[in-house]
Structure formats: C-alpha cells, structure tokens
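**Student:** got a sequence here, can you build the structure:
(8 chains)
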Protein chains: 8
Amino acid sequence: MSDKMKPSYDDIGFAKVDCHRVKRRGFPEVIFGKGKTPRQIIEIAKKIVSHHGILLITRTDREVYLKLKKIYPKINFSADGRIIYYRKTAPRAKKGTVLIVTAGTADWPVAEEARITLEVMGNPVEVLCDVGVAGIHRVLDKKHILEKASVLIVIAGMEGALASVVSGLVARPVIAVPTSIGYGASFGGIAPLLTMMNSCSPGVAVMNIDNGFGAAYFASMINV
Amino acid sequence: MSDKMKPSYDDIGFAKVDCHRVKRRGFPEVIFGKGKTPRQIIEIAKKIVSHHGILLITRTDREVYLKLKKIYPKINFSADGRIIYYRKTAPRAKKGTVLIVTAGTADWPVAEEARITLEVMGNPVEVLCDVGVAGIHRVLDKKHILEKASVLIVIAGMEGALASVVSGLVARPVIAVPTSIGYGASFGGIAPLLTMMNSCSPGVAVMNIDNGFGAAYFASMINV
Amino acid sequence: MSDKMKPSYDDIGFAKVDCHRVKRRGFPEVIFGKGKTPRQIIEIAKKIVSHHGILLITRTDREVYLKLKKIYPKINFSADGRIIYYRKTAPRAKKGTVLIVTAGTADWPVAEEARITLEVMGNPVEVLCDVGVAGIHRVLDKKHILEKASVLIVIAGMEGALASVVSGLVARPVIAVPTSIGYGASFGGIAPLLTMMNSCSPGVAVMNIDNGFGAAYFASMINV
Amino acid sequence: MSDKMKPSYDDIGFAKVDCHRVKRRGFPEVIFGKGKTPRQIIEIAKKIVSHHGILLITRTDREVYLKLKKIYPKINFSADGRIIYYRKTAPRAKKGTVLIVTAGTADWPVAEEARITLEVMGNPVEVLCDVGVAGIHRVLDKKHILEKASVLIVIAGMEGALASVVSGLVARPVIAVPTSIGYGASFGGIAPLLTMMNSCSPGVAVMNIDNGFGAAYFASMINV
Amino acid sequence: MSDKMKPSYDDIGFAKVDCHRVKRRGFPEVIFGKGKTPRQIIEIAKKIVSHHGILLITRTDREVYLKLKKIYPKINFSADGRIIYYRKTAPRAKKGTVLIVTAGTADWPVAEEARITLEVMGNPVEVLCDVGVAGIHRVLDKKHILEKASVLIVIAGMEGALASVVSGLVARPVIAVPTSIGYGASFGGIAPLLTMMNSCSPGVAVMNIDNGFGAAYFASMINV
Amino acid sequence: MSDKMKPSYDDIGFAKVDCHRVKRRGFPEVIFGKGKTPRQIIEIAKKIVSHHGILLITRTDREVYLKLKKIYPKINFSADGRIIYYRKTAPRAKKGTVLIVTAGTADWPVAEEARITLEVMGNPVEVLCDVGVAGIHRVLDKKHILEKASVLIVIAGMEGALASVVSGLVARPVIAVPTSIGYGASFGGIAPLLTMMNSCSPGVAVMNIDNGFGAAYFASMINV
Amino acid sequence: MSDKMKPSYDDIGFAKVDCHRVKRRGFPEVIFGKGKTPRQIIEIAKKIVSHHGILLITRTDREVYLKLKKIYPKINFSADGRIIYYRKTAPRAKKGTVLIVTAGTADWPVAEEARITLEVMGNPVEVLCDVGVAGIHRVLDKKHILEKASVLIVIAGMEGALASVVSGLVARPVIAVPTSIGYGASFGGIAPLLTMMNSCSPGVAVMNIDNGFGAAYFASMINV
Amino acid sequence: MSDKMKPSYDDIGFAKVDCHRVKRRGFPEVIFGKGKTPRQIIEIAKKIVSHHGILLITRTDREVYLKLKKIYPKINFSADGRIIYYRKTAPRAKKGTVLIVTAGTADWPVAEEARITLEVMGNPVEVLCDVGVAGIHRVLDKKHILEKASVLIVIAGMEGALASVVSGLVARPVIAVPTSIGYGASFGGIAPLLTMMNSCSPGVAVMNIDNGFGAAYFASMINV
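**Tutor:** Residues are numbered from 1 along each chain as shown, chains lettered A, B, ... in the order given. Next up, the predicted model:
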C-alpha cells in the first residue's frame, strides 16, 4: 500500500475515529448516537470536527446538543429528526434535486432525518408529505414534481405500498424506507419492509426500518 | 378525467387532506391519531369538519379531545375506545343491524372502537360480550340474535376460536378481529390472527390485530 | 332446541357430512380436497349431491374429476383453478356484479378458483387481469369498471399493493387475497398478506394466502 | 445407586438401546423411524423385542415392515399411520376409554398413529371423526360420548379451534395435537399449534405438530 | 337437551358468568385478571363466589385484592404468584401428590401460581426448586421424590431442558411450562417452548409460556 | 391528463402489456417468467418486441427460449442466469462501469442474471468473483478495481458480510443482493438479507433475495 | 458412584447451591441476577463464597452490590458490565492472552462483562474497541495484536460482520457475541446472530445475544 | 505489509483460491460443495492440492468423488458424511482427544462429517452415539469418557437438551451442533439451535444447524 493511501484513525480508547473517511468515501464518519454516552459522543465529535469541519450525529437528543453547543455555538439540532448537524463551510451544491415523499403525516421524523442529511451533503431537497395510496390522486397530481427529481426517497409505514406506485411513475431510482408507523401485524415495520423488498416495479432499493439517514446518504451518492 | 370527477385535497404542508373522499368513498377521511402531534391532528380535523361536518379520530387521547372540545363543544370522546367522534347532522339510518360479538371482557376496548364507528356511520348496533368458546353454551344460547344480524364482527384474543364457531352458525358474513389480549405464545395477537386466517368455516374475513375501526368501516360498507 | 332447527348430518365414519348446512348457512358444505383420498372425496360428494344437488371441491385434481364424471356426467373441472363443480339446477342470479382484479398474470389460478365459486353461487362476475401498481394507469383506466362493482376481490402476490390502491378508489368493500407468487422475501405469500393486513385504506378485509374460494364465498354473502 | 436400580442398555455402536426403560417408565423404548436406515431400525428392533416382547416404530414405511415381517411374522403395519407394531402378549386392559376426536377427514393419519399406540398400550379407544367447528352441532351432538371418556385427544389442523371447544364441554383432560393440514398462513401447523397453546379453556395441554404417538403415550399414562 | 343439563350463565353486560361450570367441568370459572378493570373483576368475582363459594383470580394485583378483602375478609393473595384465592369450604383432598420442579430460582413466580392453584383444587403439593441441568446431580439426587409423584409439573426458562430429563426418569406424566426467564435468543420463552414441544422423551405435554395456572389445572384433572 | 401523456397498454386478456413503459420509465416491461405458462410469456413477449424491439425475460427456461427462437432467431438465453434477452438494436453505451462482486462461486447464477440485464441496458460491466470475507485480502487486493466503478453490486449468501466491507472501501453506492446460498440458519437468504439491511457502513441499499435483475436495473438507473 | 465423586449441594429452599461445581467444572456456580430478588442473590452468594471464596454475579445492579459490600467489603462492581465480582485469593495466571474485539463503541457493556469474567478466571486480557468493518483498515492495522492472541472474542451488533473478517485473519478460535445494538431489522440482535451462525470463515462459534459472560467463560476454558 | 506476509491467491475466474490460507490460518481452504458445479469443484480442488496436498470438500456427492478419483486415486469419500477428503501426508497427531457425542442414531451423518474433518486435521477422535436425555443414564454411565476428552462436540436434533447436560458434567468446552432431525415445531433445527444458544450451563458455544464440519474445525483449533 502506498503512503498516500495509508489509512489512518485517531485511537481514543473506546473509539477509533476514522480520519481517512473523507478521502476514501467522500464524507466523514457519522456518529450513531444510540448506545453511546454523551461523553463518548462529544469526544468522537471533537475528533471529527477537527479533521473535517463537518458533524452529523443521528439518533441523539437535546442533552448532547446542549453540551456540544457550548463548544460549537453554531451547531444545529432537530428534535423531530433526532439529529445534530454542523458544517464550518457550506457544501458544494449539487445540481439534481432529491425528492422526499412520505405516505403519512406520522412518517415525518424519518423524513426530517433524511432532509437534514441531504442538505448537509449539499443536495437540493423537496418534500412531498402525506400522499399515501388511500388517496392515490394526491400523488398522481404531483406527477410533474416526481418526474423532475433526480433521486426519490419514499418513506412509508403501514403497508408501504407507496414505493412501488411512485417507482412505476418515474424513470429515476426510488430509495424506499419502511417506517415503524402502524400497529398489530405491521410488526414494527416488517410489513412495509417486505412490501418494498418485493416491489413488482423495478427501480426500488430498500433501507432498514426508519433509516432516513441511510436513504439520504445513499441518495446523495447517486445525485450529481 | 371530467371536471366533476377531478380529485382534490387541501394541502397544509404536513398533510394533504382528501376533500374528495366522501364523493369517492362515501365517508370522509378518518384520522389515525398515533404518531401525529396534537397540533397536526387539530389542523387536519378542522379541514375535515369544514368540508364534511363529520369527524372520527382513532388511537387518540383525552388531551386532543379537550383541545378539540374548545372548537367543537359537542364533540365526543370514548376513553375505552381511544376514539373522538363528532357529526354535525345525524347519519342516514341503515336497516340492517351489525352485531359485535366479543370472546372476553378484556376485548371491550376494541369492541368500543367498532361500536362508535358503526354508529357514526349510521348502523344500528348490538353487542354480545364475553361469549368465548370455553363456555360454548353462552353463544349457542344467543343463536337467535346471531341469526338476526346483517353483518357480524367477532372480536377475540387468546386463541380466537370464536370467529369460526360463530361463522358456522349463520348465513351472514363474519368480520374477524384478532386482539392482543393474551400472553406468552399469543405473541401480541399473532395467535388469533392465524386462527382467523385459517378458519375452516367459509365466510370469515380478517382485520389487523385490534383493528375495531377497520372492522366497523368494512361492516358498514356491507350493511344496507 | 325445536325439532325444525335440529341440526343433522350423515355419519359415514371418516366424515360427518353436514346435511343442515344449506338451511343454516345458505350453501352446502364445500369439500377441501387436499389431504383426502379420492375414495373419501367421492363418498362425501355423493352425500352432498344427494342432499343439495350442488357440488364444489377445491384443491383437487383430474383423477378425482374423472372418477366423479362416471357418476355425474355433467360435472365440470378447471385444471387452472384445481376445482370441480356441479349444479343440478342453475342458481338464483344475483343483481350485483363481483369484480375480480389481479395484479399479475401469474395470479390467474387463484382468480379462476374464485370465478368458478362465484358463478356456482349465482353471482355475475367480471375479471380484470394484470393491472398491478407497476403500471398504475392500467387500473386507473378501468375506474369505471371498478366503480360499477358491488364487491371487489383483489388478488395479488409479490408486494400486494394493489388492494390498498383499488380500495382507495371505490365505495364498495374490497376482499384482498394474497398469493404465493414471488420469491425470496415474499416468504410464500407472507409479504402480500402483511401488506393487505396493514392497508392504510379502510374497507379492505383479508383472506388466507391463495384462498380464492374463500374470497368468492365471502363476496357472494355480501353481494345481493 | 443400588444394584437393583442400576440402569443398563445394549450398546450396538450406532445406538444404545435402553433395556431399563420398562422398569423405569412402564413401557419400552419406541423407535422414531425418520432419519434411521432400515438396517439400523431392524437391529434396534431386535434388541427391544428380545428384552420386552413389544415393538412400536413410528414414522416408518412398508420397506421396513416387510423386512421385519420375515423375522416376526405376526408384526403389523398401518400405512395410514406410518406405524409398525407388535406385541408377543396382549397388554393389561385399562378401564377408562380414550376418545380421539378429529376436526376433519384429512387429520386421519395422525389419529391412526394415536389409535394404534393407545391399543398397543392397552387402552380402550373410541374415535370421533370430522366434527370440526364449521358445523359445531356435530360435536355437540356427541356430547354424551365426550363426557364418558377418561381422556380426550383432539386432533385438528387449519385453525385448530376444536380443542378449546371440546375442553369447554368436559371435566376430563384434553390433549391437543395440531396437524399440518391446511395451507398458506397455517404455516405447516403453526396456526393450530398457537391456537391450542392459547386456549381460553383450562384443561388443554399441547403436543408437537402431527404427534399422534406422543398424544397417545401421554393419554395412556393418565388413563387408569 | 334435558332440563338438568341446560347450561346457564349470569349476564352482567360486560361478562357472561358461567354458573354451570362446576357441573360441566368440576371447577368454577377462573378469572384471568389481565385486561379487566378492578370493577369488572369484582363484579364477576361476586357472581362466582355466590354460586360456588370458590374464587381464583390469576394475573392480578394487590389493588384488586384489597378491594375484595373488604367483601371477603378471609380472601388470600400471593404477590409472587400474582394470584387471589378463596374457598368457603376446604376441598376434598386428593390422594396423589403433584410435584412441581423448577429449573432455576427465577422460575419461582410461575411455580407459586401453580402451587396455589393446586392447593385450592385439593391436591397435595411438593416443590423442588432450582434443579436445572447445569448441575444434573441435583435432580438425580431427588429421584425418589420424582418417582413418588402422581403428576409432575416441570417449570423452566432459558433452554428448558429439564422437562425431557425429568420425564426420562419417571413413569408418570410431565406437564412442561416454559418460562420467559432468559434473554436474547430465548425470545421471551420461545426457546424453552420449542424445547419442550420437541422432547425426545414421550410423556411430556406443553403449556403456554409462564402458564403456571394452566399446568396446575391440568395436573389436578389427572391427579386422583 | 394531456393526450401526449395518456398512458396506454395492450389488453390481451390474461395480461395488460404496458406500451407506455419506455416513455414513462426509460425501459420496456420485463417479463417475470415464474408462474406464467409458455404461451402467456410468448404472447406478452410478442407485444413488447413489436413496440420496443427489446426483450428481457427472467426466471425462465430453455423450453420458452426454444419456442421464442423460432420467432426471433437472434434471441439469446443464459441457462445459468435463467434469462432470455434480445435487442433489435444495440443500446446507447453508458460511460460508467458497473462492477459486480460476488462472495462465492455459488453466487454466480445471480451475478449472471445481473450481468446480462446490465449489458442489455447499455452498461459496461466488470465482474469480480469469489472474494468473500473469509480471505479479505482477495477483495483488498482489488481495491483499484472497486474504486474505478461507477456503481457496485455486491452479491453474497451465507452471512453476506461482503457488502459492508466493500461499501467501507469506496465512495460510490453499493447495491446489495442477498442470495439463498447457505444452509440451516441462513433460512434461504434471510441471514444475508438482515446483514445487508443493518450495514454499519452507509451507502448500502438492499434488494430481494437472489434478485440479480433488480440490482442491475437499479444500477443502470444510477449509472450515467 | 464412588464417595469422592459424590455430587453435593446446599439446599436453601428456593435454591440448590452446587458445592461440587469447582471439582466438576473448575469454577464455582455463577449467579444470573435477573429475575432473582436481592435477598435470594445474597443467600446464594454467601453459600458460594463460603465454599469457594470466589463470587461472580451477572445481570445485577448497584442495590445488590451495596448490600453485599456490607458483608464483603472488598467486593467489586462494574455498572457498565452490570457485574459484581470478588475473589479471596488471586487466580492462577494463565499464559495466553484473550483478545476482546468490539465493532462499535456501543458494544462496550458486553465487552466489559467479558473482560471482568476473564480476569476473575485468571486470563490476561486485551481489548480492541470500535474496529467495525465500515473502516476495515482499523482492524487490519491491528493484525499483529490479533495474531498474538490465544483466543479472540468478537462482539458486534448491527450486521455483526466483524466476526467473519477477524476469523479470516487468524489461526485461533473466534468466539462471536452478537449484541442488541442496532434498530429496525436488527430485531434486538437476531441479525448479527444469524450473520455469525452463517460465517463463511470456519473457526467461529456463537454465543447468545449480549452474552459477554458466556463468551469469556468459554474462552477461559480454551485458554491455557 | 511486509513481503513475507503478503497474501496471495490463484485467480481462476469463477474462483479466487486462497493459497495463503495455511500460512495465515493453519489449514487450507475447504470447499463447500453445495451450489458449485462438479467442474468448478474440480478446478478449485486441483489448485488446493497442488499448493497444500490436503483436500476437504463438504456437502458434495459421489459424482464429484468419482471424477476426482481419476486424478487422485487415493482420495476418499464418505457417503454418510457427504464429504470427500485426501491428504498426501499424514497430519501431525495432536495429544488431546475430541469426543463426539450424539443424542440419537439419526444424527449420525453430521457426526460423520465432524469425525472425518477431525481426523484429517490430526485429532484423535472418539464417538459416543445415541445417548440422548430420554435415557440420561446412558450418558452418565460414560462420564469417565466425557471427563477424559480435551474438547467435546455434542450433536443433537429434536430439543437438543444434551449439550447443556454434557456441559454440566465436564470442565472442558462443549461445541454444540443442532441438527435438522425432528419434525413439526423443530422447524428444521431452530428448536435445538435455540436450546443450545440459551444453555444454562456456561461452556457451550453453538454452530449452525447440521454444521458438523464447522464444529470439528473449531474443536481442532482448541485441541492441542
């Protein structure tokens, strides 16, 4: 391995912060907040900011935000999206628009996590809320918006049928995110996950349940 | 599409309220409360009431009810059924009776959600509680009531055997609702769901676990 | 129990044929062929025909058909639908039409089982094949047919999204039948079953996987 | 451990035949045929017969039977029950009757396995076939037979509701056997297994799917 | 149906209390407390006591107990077993002993529910705690106690192996109760449930997870 | 809807062939062969070829191929990939390369289905076989090939770990395809499906088990 | 059984404390705290300490610790590892090192439980945190540490791919511990459990979800 | 990476044969035969033999064996174990004995796969067949053999209880292999898999269902 390609990381005991991530993958390490103590998150965050000037923490809360705000006063937090985000410099703006489509109002938190991730990564974003298949005319009526998008993220709980329907209307890739919205036989999101996995419309790829961040990250990779 | 049939909706950002629902489906949009903020529910509710004069909110709570009561003083709430309901004018009364049958006392909240939905939609309702198969004579003794019903909703947790038994006694359709009552290998309602799915008696169709509202809505469509 | 209501059955050892079924339920016992020997099926069939003059055998095959044809030369068989059927006299024709809608061409055997059952029970039937959501315009284009139906049976494998979409377009009940068409994470029909169970559109009730007969029987009960 | 109680077995390499089983448990080892070669079964069988004069082989076939018949000309085989059985001397006849009840005709093979096991163990047996809950009057009509039984074995596939219903009618224990009869969401017998596990009627204990032998063995232990 | 056999029940709206249960089944209705309000439980309890003078309430709590104590000062409650029990007159004492065997100390609450149920039903009870297979000598050492029992209830969580081991040592029936003790891949009791279902030792019948009451009820039916 | 946008299809009874698919989605309808009769496939194929001059049939066999070859002598078939393909004119060649990476030799059929689909859609393709994580140096050694790809398809059975590893090395999107290669607790592909769903490396989207076609179609949408 | 080998235990009613465990297995009984009352734990602990002078209590809490500290002032507690530990005398130090490797920072509590268990059992331990496959260079960079270990414990949630990767790099056994870290389709640790079960790299054995103790105990048995 | 450590492999298109495996892991690559064509297996086999002089092919058949026999006349095949094996030179003999214990006769094929793997890797092996817990004295009687073993492999289907029992008797590690022997609720080996995962006896690690090879490989790593 040549020196230039040599991977490196900061070893802080409980974590090995990947300093080489931007060079290798185009974006720094993102912190998954769940299961980490506030102190651990802050130590990792400081390493990432010092290397890259960009910070994204998912599945986190206001307590972590307030502690980080003392260090980085311009840091932001979305309570709905459970996400902390910060950039020292604005990202290079991409040309294509990523369209987030939700089936219901209750899918909003997942959409919010996706929206912020997309914007931090430099993607123009549009959001189309509550156009589930119970009233199919709502999504058909927005066909011109669907057709203009470069990439589409479809977020749906319950039966998750919206992903197939949207995919069938457009020539661009659909990233489907099942959500845990529902009850009984939705089994915390298994029902829409299977729906999206078995889409009869080619052009649908699937993310983990409630993974708005992952969908946005993947969409940003596609969007140019 | 002719103008008369043109679908329409009110776009309030986080929701697209379907104004065309009554024309298309015979009943306005019903609000699924779970996962929505009180403010979102109230905004959607106001749109629905202004268009149709009828309001039904399922999986909701007293907090939403008290806020809506300030706007619509005659609005109603059932704590057992977790349902808010309101009609400006009485519905057209249907002729047939919908009979709700529960296997046990603990199935009551699901029955209550069904009962209120049915009444808001104009259906005469009768309720037969706690006639599970452990004492089969209780339901056999009510055979005359079963036979008079136009549609039957059978609500049962644990092993959910009542749906097949009731269906085998009548010439009318049985809508089966599995409930999450039980423990251990009932797996939150999977046991009665599978029981009802595999009924050896033709004439049984199945709803999601604890979906009293859905059963009532479907029953009302059948009832004439 | 009064004499008139006294239930009765023919006891032939391996089976107790329910002679009272027409009086109690409006239609004679239907034979589920799977797991029974040809001899058993024929003995049961003879009892049913002698009492009611109507015969329906599901999940059966040509061998049973050819043996029965020697006894009832006018008996019919559908290889696609795996169903044997026979009526001495034509049924009373119902007024409403039952519409069978399939998502894909491969769902046909289930539709065929439903179609024959419906016709034997006196229902006018229409069939709309291959209108799955990958090309949503195919089903929207047939909206006038959907709207005329008295009851709708929607048959779909893979993700099973069609049931919700169709239900959202009509004011009549939709009976949803998941099929085992698909592969991988469709798990032999679990994916569309869960989809249909969790429909965001009220007015959908669900049958067992591949249960075309059950859907037809239930539809016939509703249809007047 | 005293000498008298010392356990012993015949070690024949691929098997350790338990010679002490009758003393310890009241009945010799029973051979589970599935997964064993004919040669292995025969070697084990010879050891058991030489010690106890009784032989029971479940989940076996005609090939094994014909080979054993050359050694024990009076050996018996039931193709339906997939069981080989042989006793040098008749068993001590018990007083109580074990009643086998099946929901449908297709449950017969499981009932047959149970029936033969019971008889080999000295139990008077009665069988009541095809009294499933789709026509509940068939089982109610036999209430006098149910009430006379010392132990009841209820065998049912599909939704398996019969076990709860029968248990609710009698003061004696019900051993419930789910069968793999059914399709789709019966999942090879999981549906009736869960039904029986969650019985709302106390007095029901459950066996593995299609385990007619186990039910009979357990019933014989109870029957006096 | 003759007059003497005519079933009857007290209809108190939310419940139909089965007054005929003792005559039909030998023991009055037992109240499953979970999912019922204290008021409902008390009303049902009063009906049962007035008819039979015996009361058993499972899955209940101290609040219900204290309310009932005002009406029946001699009523008893076990916090461990979550069970309320009361008898006006002592039961007829049975001859055989029921032995409760637990695998671990943490299985105690299920054993306690079983123990009280057994005593209320007149069975002499012995309890053998914490003899799980990790130290097999503990149960082998008690072989004389195992062999004296008329019926055995084996209660085990984690892998639930104890039921097979105990059954292999005795000539009497083993009623196996899986418990939810464990973590991770025990899946709330599914692991021991499957273990017990698949016992290689004939003579084991299985109850629902944590169903100490059901095991006791079934054991009492067997015990003479 | 304006005339220009009017969707259309050819109705041939058992199928509604979507003629508008190229305009709407950029590629004609692809035939899923499983569950369709040869005659049905051929009729649908003829419609698609007449409209678009391109044909792709997945999950099919040699019998269908030989019948179609009589009509279209230049048609191709891959037995490994179970896929029939045909283009009247060569596709517009894309610039980016799609790299297919397989974990093991046995994953080849899925890779072959993907490779052919990609080529028919005009994508330069490279394939890297048998670089699973048991010998991680094999994939690390090919890092320069991974880094040159525009889109990556990672195909893996057993534990499916390769997708995360590859994604962690590149800045481009990874489309992960779990395969049914494995045994026991791979549960026909559920194990790698869950692995890929839960990837700790952002930039992985998941397809259905064995869905090589879907991965290729999605990759082609991304590739420019 | 000779006297020397005679198993023995202390019977304290709710528990049978295995005094013979050290002789038979080389280490005393370890108390699983979950589901036991503090009083029960303390009584068992006193018996174990009096016999062996070593105490290990897993899945416990500070309350139990503080009570035991009054009896054994030198006792230790790790809140992260939820484990209490105590040795009167230092263990015999083993030669080989056990290496604990975690995929992420959030897997720490499971690693801590393993670390303490290993040290109490006399094993030199090294820990390598947060070297998951999203940045594979972090683990490759530590290859010299991996290669020096006598036994490796790999702890990972989410997709759990690290176990296969590490195993593929070394000649020593890998004990894989799936953790419940993750969300959605990780299903509380099922995803990494299946991943580890299906490892394409031989040399991986699997523990229950979050079972750090079990992995350490097993590793200590191997380590010499 | 130093030159000496540089990994290498033979690239033969459909496979990348790992030539460095012996140096890195102590044993050459083992071929998993399932899903590979005979031609592919033979090509890979030739590469492995030429590098290492040792060959092991699991999940294979006689056809492959006969083809390889023409190339390597001294190659061996076990039809029971579905395994082909070959060594040019005898392995270095290890000191410790690996003991294979099976619960039933039908578990033999898995034991055979393990036995051959162990011997090819130089381990003295002993086998103890058919000592399942239904007759616990059979395994207790062999306690001296259990205690002499360096490592134990316990192979069991049905409820898989034997692993815990054996582990509780010895001071050495137990590698547990669940088998697919059983029916109904054994779900192809899930039942014993969960049993073994949840063992109450520390010192048990688990392999995939029917993975005799994996258990042997792991055991050989431990055995010294």
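**Student:** gap between A:L152 and chain H?
**Tutor:** If you measure A:L152 against chain H using Cβ to the nearest Cβ, to the nearest Å, the figure is 36 Å. C-beta coordinates here come from the backbone N, C-alpha and C atoms, glycine included.
**Student:** next: A:N223.
**Tutor:** When Cβ to the nearest Cβ is the yardstick, A:N223 and chain H sit 34 Å from each other.
**Student:** what's the answer for A:K36, then?
**Tutor:** Spatial separation of A:K36 from chain H under the definition Cβ to the nearest Cβ is 27 Å.
**Student:** for chain A, what spans make up the helices?
**Tutor:** When secondary structure is read from DSSP state H, chain A shows helices at A:21-25, A:38-52, A:62-71, A:108-120, A:137-140, A:143-148, A:162-167, A:190-197, A:212-222.
**Student:** what's the closest of these to E:G182?
**Tutor:** helix A:190-197 (22.9 Å; Cβ to Cβ).
**Student:** for the closest one, give the mean pLDDT please.
**Tutor:** Mean pLDDT, computed over helix A:190-197, is 98.
**Student:** try stretch A:56-65
**Tutor:** 98.
**Student:** near chain C, which residues of chain A?
**Tutor:** Where chain A comes near chain C, counting by Cβ under 8 Å from any Cβ of the partner chain, the residues are A:103-104, A:132-136, A:140, A:158-161, A:164-165, A:167-169, A:182, A:184-187, A:190-192, A:194-202.
**Student:** need the pLDDT of A:R172.
**Tutor:** According to the predicted model, the pLDDT of A:R172 comes to 98.
**Student:** I'd say A:I175 and A:M221 touch.
**Tutor:** No. Counting by Cβ atoms under 8 Å, A:M221 is not a contact partner of A:I175; they are 10.3 Å apart.
**Student:** between these two, which one's more packed in?
**Tutor:** A:I175 (29 against 24; other Cβ atoms under 10 Å in any protein chain shown).
**Student:** okay, and the beta partners of that one?
**Tutor:** Judged by DSSP bridges, the bridge partners of A:I175 are A:I153, A:A205.
**Student:** low pLDDT regions in chain A?
**Tutor:** Screening chain A residue by residue with the criterion pLDDT under 70, one finds the ranges A:1-7.
**Student:** residue of chain A nearest chain F, please.
**Tutor:** Closest contact between chain A and chain F, by Cβ to the nearest Cβ, is at A:A205 (3.4 Å).
**Student:** OK, contacts around that residue?
**Tutor:** Under the criterion of Cβ atoms under 8 Å, 6 or more residues apart in numbering or on different chains, the neighbours of A:A205 are A:P173, A:V174, A:I175, A:A176, A:F218, F:I175, F:A205, F:V206, F:M207, F:F218.
**Student:** need the nearest residue in space to A:A171, chain neighbours excluded.
**Tutor:** Setting aside the residues directly before and after it, A:A171 is nearest to F:G26 in space (Cβ to Cβ, 6 or more residues apart in numbering or on different chains), at 4.1 Å.
**Student:** for that neighbour, grab phi and psi.
**Tutor:** phi 90, psi -10 (degrees, to the nearest 10).
**Student:** try the one 3 residues further on
**Tutor:** In this entry, F:E29 is assigned phi and psi values of phi -60, psi 140 (degrees, to the nearest 10).
**Student:** count the neighbours of it for me.
**Tutor:** As a measure of burial, F:E29 has 26 neighbours, counting by other Cβ under 10 Å.
**Student:** now do the contacts for it.
**Tutor:** Each residue near F:E29 by Cβ under 8 Å, 6+ apart is listed here: C:A134, C:G135, F:V17, F:D18, F:R21, F:I44, F:I48.
**Student:** how close does it get to A:L140?
**Tutor:** With distances taken as Cβ to Cβ, to the nearest Å, F:E29 is found 20 Å from A:L140.
**Student:** same check on A:F218?
**Tutor:** Taking Cβ to Cβ as the measure, A:F218 and A:L140 are separated by 26 Å.
**Student:** over in chain A, which residue gets nearest chain D? Let me know.
**Tutor:** Counting by Cβ to the nearest Cβ, chain A gets nearest to chain D through A:A185 (10.9 Å).
**Student:** surely that residue touches C:M196?
**Tutor:** No. Counting by Cβ under 8 Å, no contact exists between A:A185 and C:M196, whose distance comes to 9.5 Å.
**Student:** more neighbours: which of these two?
**Tutor:** In terms of neighbours (other Cβ under 10 Å), C:M196 is the more surrounded of A:A185 and C:M196; the figures are 32 against 26.
**Student:** what about A:D130, how many neighbours?
**Tutor:** Under the neighbour criterion other Cβ under 10 Å, A:D130 is assigned a count of 26.
**Student:** who's in contact with it?
**Tutor:** When contacts are counted by Cβ under 8 Å, 6+ apart, A:D130 is found next to A:T102, A:A103, A:G104, A:T105, A:R138, B:F14, B:A15, B:K16.
**Student:** check contacts around the fourth one.
**Tutor:** For A:T105, the residues meeting the contact criterion (Cβ under 8 Å, 6+ apart) are A:C129, A:D130, B:F14, B:A15, B:G35, B:K36, B:Q40, B:I44.
**Student:** and the fifth one, by the same measure?
**Tutor:** Neighbour list for A:R138: A:D130, A:V131, A:G132, B:P7, B:Y9, B:K16, B:D18 [criterion: Cβ under 8 Å, 6+ apart].
**Student:** and what of the second one?
**Tutor:** Applying Cβ under 8 Å, 6+ apart to A:A103 gives the contacts A:130-133, A:154-158, A:160-162, C:200.
**Student:** repeat the analysis, applying 6 Å as the threshold.
**Tutor:** Neighbouring residues of A:A103 by Cβ atoms under 6 Å, 6 or more residues apart in numbering or on different chains: A:G132, A:A156, A:L162.
**Student:** does the second one touch A:L162 like I think?
**Tutor:** Yes. Applying Cβ atoms under 6 Å, one finds A:A156 in contact with A:L162, separated by 4.5 Å.
**Student:** who's more crowded, those two?
**Tutor:** For A:A156 and A:L162, the more surrounded residue by other Cβ under 10 Å is A:L162, and the numbers stand at 34 against 31.
**Student:** any idea how far the more buried one is from A:I12?
**Tutor:** Here the distance between A:L162 and A:I12 works out to 43 Å (Cβ to Cβ).
**Student:** try A:Y217
**Tutor:** When distances are taken as Cβ to Cβ, A:Y217 and A:I12 turn out to be 24 Å apart.
**Student:** with that, I have no additional questions.
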